[in-house]
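Engineer: Just the structure for this:
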Amino acid sequence: MRHILLLQPACAPGPAGNPAQMLALLAAGGLPADWTQTWLTLEPLPEQVAPVPVGAAKALIEALLLATDVVLLIPAQADALQQHTRVLAHLRGWQALTLLDYRDWMRGKRFALVATLPSPDADDAATTELAAAVRALPTHWQALCTELDCEWHGALIGQPDTTGNILTDVAAGFAAQGFLARSAARPLAAAQDQAARMQYLAACARACACAR
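Structural biologist: Okay, here's the model as predicted:
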């Protein structure tokens, strides 16, 4: 059984809500019934990676290590992209953790991206910069997956209309169907190994004790 973590930064919704979340809901609707779904709204992470994760960082790493699949939801908003940068920094920085074998736990996890571009009515320099940043996201995550020996599942990127409604992007809606349910390229030994799971739970207990 797979456990999919859908991770979205805490940011102000647009006039039609969070279009990236809506697109992810469409994609998650096609998941098999025996998949566990965890939706996590992540509060802002600290700028520096602490030796012992606390607060939002602790919530992220605990959810991350229990998941077999991780989906990042990124709307075209400056605060969301800033949080995305910190998430990347933490996922890289945690390789230095001594509480558990972080790289072993990350190996084989499957990462995917669901993101949205700015609406087509905006045509200023800031919007152009946002759009370029969103289009560059897959490159960043592919590099991270290579570094951590994870699987890159791909990116689903849509564009809402002038009201912020993503459902008008028919191509993205069709692409969402079955996007997350595509078979993984390789099995996840850690998710199937009860001894590894017990090792993780023991590491979590140690981490929680250190954070108190």
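Engineer: what helix or strand does the residue nearest the centre of the chain sit in?
Structural biologist: The centre of the chain sits closest to residue 72, judged by CA atoms, centre = their mean, with a distance of 2.5 Å. Here residue 72, judged by DSSP states H and E, is contained in strand 69-74.
Engineer: Quick one: mean pLDDT for the helix or strand following that strand?
Structural biologist: Next in sequence after strand 69-74, counting helices and strands by DSSP H and E, comes helix 78-93. Computed over helix 78-93, the mean pLDDT rounds to 91.
Engineer: Name the residues that touch helix 78-93?
Structural biologist: Residues outside helix 78-93 that contact it (CB atoms under 8 Å, 6 or more residues apart in numbering): 7, 9-12, 20, 42, 44-47, 49, 53, 57, 60-61, 64, 72, 74, 106, 130, 133-134, 137, 140-141, 144, 147-148. Where you see a C-beta, it was placed from the backbone N, CA and C, and this is true even at glycine.
Engineer: could you flag which of these are buried?
Structural biologist: Among the contacts of helix 78-93, the ones that count as buried by 16 or more other CB atoms under 10 Å are 7, 9, 11, 20, 42, 45, 49, 53, 57, 60-61, 64, 72, 74, 106, 130, 133-134, 137, 141, 144, 148.
Engineer: Is the residue nearest to the centre of the chain bridged to anything, and to what?
Structural biologist: Note on residue 72: beta-bridge partners residue 7, residue 113, judged by DSSP bridges.
Engineer: pretty sure it is touching residue 110, no?
Structural biologist: No - assessed by CB atoms under 8 Å, residue 72 is found out of contact with residue 110, at 12.0 Å.
Engineer: returning to what we had before: narrow the buried ones among the contacts of helix 78-93 to those in helices?
Structural biologist: 20, 57, 60-61, 64, 106, 130, 133-134, 137, 141, 144, 148 (DSSP state H).
Engineer: Looking at those, which one is closest to residue 182?
Structural biologist: Of all these, residue 141 has the smallest distance to residue 182: 16.5 Å, by CB to CB.
Engineer: ok, the closest one touching residue 115?
Structural biologist: No - using CB under 8 Å, residue 141 is not in contact with residue 115; the gap is 10.2 Å.
Engineer: joint contacts of those two?
Structural biologist: With CB under 8 Å, 6+ apart as the test, residue 141 and residue 115 both reach 72, 155.
Engineer: Tell me the confidence at residue 189?
Structural biologist: 40.
Engineer: isn't residue 21 right next to residue 73, touching?
Structural biologist: Yes - contact criterion CB under 8 Å: residue 21 and residue 73 qualify, at 5.7 Å.
Engineer: hey, what's in contact with both of the two?
Structural biologist: Residues touching both residue 21 and residue 73 by CB under 8 Å, 6+ apart: residue 8.
Engineer: more crowded one of those two?
Structural biologist: Between residue 21 and residue 73, counted using other CB atoms under 10 Å, residue 73 has the larger neighbour count: 27 against 19.
Engineer: that older thread, closest one of the ones in helices among the buried ones among the contacts of helix 78-93 to residue 178?
Structural biologist: Residue 178 has its nearest neighbour among those in residue 20, at 18.2 Å by CB to CB.
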